[in-house]
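K.L.:
structural data only, the sequence is not supplied:
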């Protein structure tokens with residue numbers, strides 16, 4: 001069975017992780033959880049857009065050297081300790097994924113979710129390290145990442161606010177297309193059902 005990547009990653013975000021993060025940011029817990037969820041989706045779609053097997057392999061090979069990776073217990077889906085190391089460690093990877101769009105995406109997360117810019121920047125770093133750490137630990141998922149993201153793209157995009165989708169190069173077209181198709185199917189049924 002194919003794992004839902006975003007749900008798998010959300011399992012690592014316990015109330016303990018949120019309370020430890022809030023020692024640094026002093027945000028509303030619900031907004032912080034939403035910011036992490038949006039950041040996870042944003043980074044996954046950033047990987048989808050700029051998919052490069054070689055670059056992904058290089059990033060996942062570098063991530064075990066990070067302090068963050070050593071603090072994750074993958075078997076129990078727990079982050080053991082939340083230090084401020086992700087602030088500097090995640091930035092390098094983010095720049096590879098988003099290149100010139102990183103600052104705009106950070107500001108958009110801040111605006112769309114309703115958190116401070118600094119919090120948005122650090123949560124994006126945190127989410128990037130969590131995703132890359134997960135991919136390093138689950139080589140099977142990493143090897144089929146493009147296909148997996150292709151299958152789960154619609155669900156992931158539904159967790160991202162419209163402004164961020166636009167920056168990432170997506171629109172609401174797929175959702176509109178789905179609605180139009182069902183409306184079209186109903187009208188054909190009604191046309192032929194009345195004969």
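P.N.:
Yep, that arrived. Note that the coordinates shown come from a computational prediction; the quantities given were computed from them, not determined experimentally. Numbers count the residues shown, from 1 in each chain.

K.L.:
contacting residues around the residue nearest the centre of the chain?
P.N.:
The C-alpha lying nearest the average C-alpha coordinate of the chain belongs to residue 40 (C-alpha atoms, centre = their mean; 1.9 Å). Residue 40 makes contact with 6, 9-10, 127, 130-131, 159, according to C-beta atoms under 8 Å, 6 or more residues apart in numbering. For glycine as for every other residue, the C-beta is placed from the backbone atoms N, C-alpha and C.

K.L.:
now stretch 18-31: buried residues?
P.N.:
Under the neighbour-count criterion of 16 or more other C-beta atoms under 10 Å, stretch 18-31 has 18, 21, 25, 27 buried.

K.L.:
want to try CSV for the residues you listed, with pLDDT as columns?
P.N.:
Converted to CSV, those look like this (pLDDT from 0 to 100):
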residue, pLDDT
18, 91
21, 87
25, 85
27, 89
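
K.L.:
would a markdown table of these with distance to residue 70 be doable?
P.N.:
Shown next, in a markdown table, are the buried residues of stretch 18-31 (distance: C-beta to C-beta, whole Å):
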| residue | distance to residue 70 |
| --- | --- |
| 18 | 21 |
| 21 | 18 |
| 25 | 23 |
| 27 | 26 |
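
K.L.:
closest one of those to residue 60?
P.N.:
If you rank the buried residues of stretch 18-31 by distance to residue 60 using C-beta to C-beta, residue 21 comes first, at 23.7 Å.

K.L.:
wait, isn't residue 8 in contact with residue 131?
P.N.:
No - Residue 8 is beyond contact range of residue 131, at 10.2 Å (criterion: C-beta atoms under 8 Å).
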